[in-house]
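Enquirer: Fold the stuff below for me.
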Amino acid sequence: MDAALIRKGRRVRSIHNGMEGVALSQEENGEFYIQMDGDSKVSQKLLKDFQLVTYRSGQRVRSINNGVEGVVFAVDDEGDPMIVIDGMSEPEQKYAKDFKVLVYRAGQRVQSVNGKHVQGVVMSVDADGDPRVQIDGESETVQKYSRDFTVVEFRIGQRVKSISNQQQGVVVGVDDDGDPVIKFDGTGESLQKYAKDFRLVEYRPGQRVVSVKNGSEGIVMSVDKDGDPAVQIDSEPDSRQRFAKDFKVVEYLAGQRVRSVKNGAEGVVVGVDKDGDPKVQIDGEAAAEQRYAKDFKVVSSAQPLPTKEKRKGSRDVRAGWSSESDKVPEEAACPREAIQTPTKASQIHMKLDDIDFNLIGSVESNPSVTPQWASDAGSNAPGFRGRFVKLASLAASYLWSMGQYVLQKVRRDTSRDTSDD
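Expert: Here you go, the predicted model:
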């Protein structure tokens, strides 16, 4: 590296381990004094072991003083960047010594800065230093801009969760590669893990949390710059600042039974939104409603939910469903013949079938013969319509025959009266 480029206040990076610091002075013999980040002592280093940190538009940078991040907007003639701090709209002029460029490498865990809490793992880095990221839960990798993703840096005391099995623990150490040493809940064992395999447990106001020490529950009221929550325990009137390592976020799962902390009403979780808030079917209510996590405590573990499609042998889906083996078939309990009840239509059919048209009277031209239009009407119509037409034709036939009977009787009575005269 050209010694002329090194001057007081410039940021430099080790070519061996990537550690950064600020140059304070330079000696003629190729050595210079540097204060490494996080070290209060000044060290004498060889120029050949360090490279100058240069800034370019679009780079993501982080303050070494307070951890604030932003994106480089422009660089002045002295090499100092103008930075748009996250959450701000206008760029501000900053000193290079106060901001380090986030350097991406394969295997790092990164998180989106757009507020959606999207995390993933860096698979590769292009010539511009921008990462190619595999988002958690997705199979494809996507090229991203460094300005859109920040490197997740693990620190002692952070609560983390395994991506593969959701097991939680606390970071008790971090190696030179940024990978955490984790002490898992429920065990006294601390294990070295890869950063790519663990997510930070993020707290936000309104979350319900539970103490890993005594099981007491409460609500997150705020979160400090270190990511530690201020928690109001249910039985306490005021909130207190807590360590993240001591509290787990209550995670709702479909099928869990929950109880309202306001009125004691119970119900079943039927879904969970992207914020972790449950959708609850309160007992006795017709529809499930979206609720806030802070308002409901889990009272039992998740149970299988019924399907929305009713099944044979099922009860109301809100009460769960029973299998066929739990119910006695109707045929076994009572023979079908014993429980059949004649329908209105079948009763009419039976009544018509009981009529002996030959007893109506002996009409001159075969009075038991129905008209052709009546006998043809119900011969071809299928199903319910066919039964209805047949029934109508039988009724018409009956009325026609009765009419013939009455007509013949009138004729006979008339003839009899005439003969008597």
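
Enquirer: Please parse this protein into its domains.
Expert: Split into domains by automatic domain parsing, the chain comes to 3-101, 109-200, 208-249, 257-305, 344-420.

Enquirer: Tabulate those domains (a markdown table), appending mean neighbour count.
Expert: Every C-beta, even on glycine, is put in place using the N, C-alpha and C of the backbone. Output for the domains of the chain, formatted as a markdown table (neighbours: other C-beta atoms under 10 Å):
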| stretch | mean neighbour count |
| --- | --- |
| domain 3-101 | 15 |
| domain 109-200 | 16 |
| domain 208-249 | 16 |
| domain 257-305 | 15 |
| domain 344-420 | 13 |
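
Enquirer: State whether residue 230 is indeed within a helix.
Expert: No: assessed by DSSP: H, G, I helix; E, B strand; the rest coil, residue 230 does not belong to a helix; its assignment is strand.

Enquirer: Kindly give the local confidence score, pLDDT, for it.
Expert: Note on residue 230: pLDDT of 93.

Enquirer: Same check on residue 174?
Expert: Model confidence at residue 174 (pLDDT) stands at 91.

Enquirer: before we move on, back to that, and the domains of the chain, which one's lowest on average pLDDT?
Expert: domain 344-420 (a mean of 56).

Enquirer: Now do the closest residue to residue 112 other than its chain neighbours against residue 135, distance only.
Expert: Using C-beta to C-beta, 6 or more residues apart in numbering and skipping the chain neighbours, the partner closest in space to residue 112 is residue 118 (3.9 Å). Applying C-beta to C-beta, to the nearest Å, the value for residue 118 to residue 135 is 6 Å.

Enquirer: I'd like to know how far residue 36 sits from residue 46.
Expert: Per C-beta to C-beta, residue 36 is found 14 Å from residue 46.

Enquirer: Residue 78 too?
Expert: Residue 78 is 25 Å from residue 46, where distance means C-beta to C-beta.

Enquirer: Residue 391 too?
Expert: Per C-beta to C-beta, residue 391 is found 109 Å from residue 46.

Enquirer: and residue 412, helix, strand or coil?
Expert: Of the three states, residue 412 takes helix under three-state DSSP.

Enquirer: Ignore what I typed, I meant residue 262.
Expert: With three-state DSSP as the basis, residue 262 sits in coil.

Enquirer: if I read this right, it contacts residue 295, doesn't it?
Expert: Yes: in terms of C-beta atoms under 8 Å, residue 262 counts as a neighbour of residue 295; the distance is 6.2 Å.

Enquirer: Distance from stretch 238-257 to the middle of the chain?
Expert: Computed by C-alpha atoms, centre = their mean, to the nearest Å, the chain-centroid distance of stretch 238-257 equals 18 Å.

Enquirer: Extract the C-alpha set from that stretch and format it as PDB.
Expert: Output in PDB follows, covering the C-alpha atoms of stretch 238-257 (Å, rounded to 0.1, in the frame of the first residue of the first chain):
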ATOM      1  CA  ASP A 238     -44.500  -1.400  36.600                       C
ATOM      2  CA  SER A 239     -42.100  -2.600  33.900                       C
ATOM      3  CA  ARG A 240     -38.400  -3.200  34.600                       C
ATOM      4  CA  GLN A 241     -35.400  -3.400  32.200                       C
ATOM      5  CA  ARG A 242     -34.400  -7.100  31.800                       C
ATOM      6  CA  PHE A 243     -31.700  -9.100  30.000                       C
ATOM      7  CA  ALA A 244     -32.700 -10.800  26.800                       C
ATOM      8  CA  LYS A 245     -30.900 -14.000  28.000                       C
ATOM      9  CA  ASP A 246     -33.500 -14.300  30.800                       C
ATOM     10  CA  PHE A 247     -36.700 -14.100  28.800                       C
ATOM     11  CA  LYS A 248     -38.100 -16.200  26.000                       C
ATOM     12  CA  VAL A 249     -40.700 -15.000  23.600                       C
ATOM     13  CA  VAL A 250     -43.900 -17.000  23.900                       C
ATOM     14  CA  GLU A 251     -44.500 -18.600  20.500                       C
ATOM     15  CA  TYR A 252     -48.100 -19.400  19.500                       C
ATOM     16  CA  LEU A 253     -48.900 -22.500  17.500                       C
ATOM     17  CA  ALA A 254     -52.000 -23.600  15.800                       C
ATOM     18  CA  GLY A 255     -53.900 -26.000  18.100                       C
ATOM     19  CA  GLN A 256     -52.700 -24.400  21.400                       C
ATOM     20  CA  ARG A 257     -55.300 -23.700  24.000                       C
END
